[in-house]
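Engineer: Fold the following for me, if possible:
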Amino acid sequence: MGCELQSSCQDTQTEGVRLQLRSSTDQTSAIVVSTMMEAWEVVRAGLVADGTVKDILYGLPLPPNKIDDLSKLRDELAPYGAVVRIMVDHPDQVQYLEQYESQRKTPELWSVFVKVDSGGRYAPVSNLHRGPSDIFSKTRRTCAYISLL
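Structural biologist: Have a look, this model is predicted:
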């Protein structure tokens, strides 16, 4: 089917993550975390250094107070060729990234998943409409800092 599993990680189960990602039939190197502690535990356990984990999605919509933490995590993963991805579900989150990166000496590109409300009301605003303030329009205008997935 061409789909790749992205395993969810719990902060106390790093050895379980290794087992989930490497099975006898297939393997993946992508995980989803919901806390910074989970992400850093994966790093401390050596799962990034040994190549088990190459892709970490911070699977909650981006709060502005986590951008610096996620940037530090991204810097830690970069020497191993690993990537940190973030999720946005509101145009304001794109603005937070713009503000953060515009103040850096060397702005970086963020790999972003856009959470789409397709009618189930799981996102805080309906972001399927097309208008000047919708999340897709806002994200396209900030392409200097964002890579859409």
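Engineer: Neighbours of residue 35, how many?
Structural biologist: Using other Cβ atoms under 10 Å, residue 35 has 15 other residues around it. For the C-beta atoms, the positions are set from N, CA and C on the backbone; glycine is no exception.
Engineer: what does residue 83 give?
Structural biologist: 16.
Engineer: And it, how far from residue 30?
Structural biologist: Using Cβ to Cβ, to the nearest Å, residue 83 is found at 9 Å from residue 30.
Engineer: tell me, what's touching these two both at once?
Structural biologist: 54, 55, 56 (Cβ atoms under 8 Å, 6 or more residues apart in numbering).
Engineer: now residue 32, nearest residue through space, not along the chain?
Structural biologist: Counting by Cβ to Cβ, 6 or more residues apart in numbering, residue 59 is the residue found nearest to residue 32 once chain neighbours are left out, at 4.1 Å.
Engineer: Let me see the contact set for that neighbour.
Structural biologist: 8, 32, 33, 34, 87.
Engineer: Considering the residues you listed, which is situated nearest to residue 78?
Structural biologist: residue 33 (17.3 Å; Cβ to Cβ).
Engineer: on that earlier part again, neighbour-wise, give me the winner out of the contacts of residue 59.
Structural biologist: Neighbour max across the contacts of residue 59 (other Cβ under 10 Å) = residue 33, 25 neighbours.
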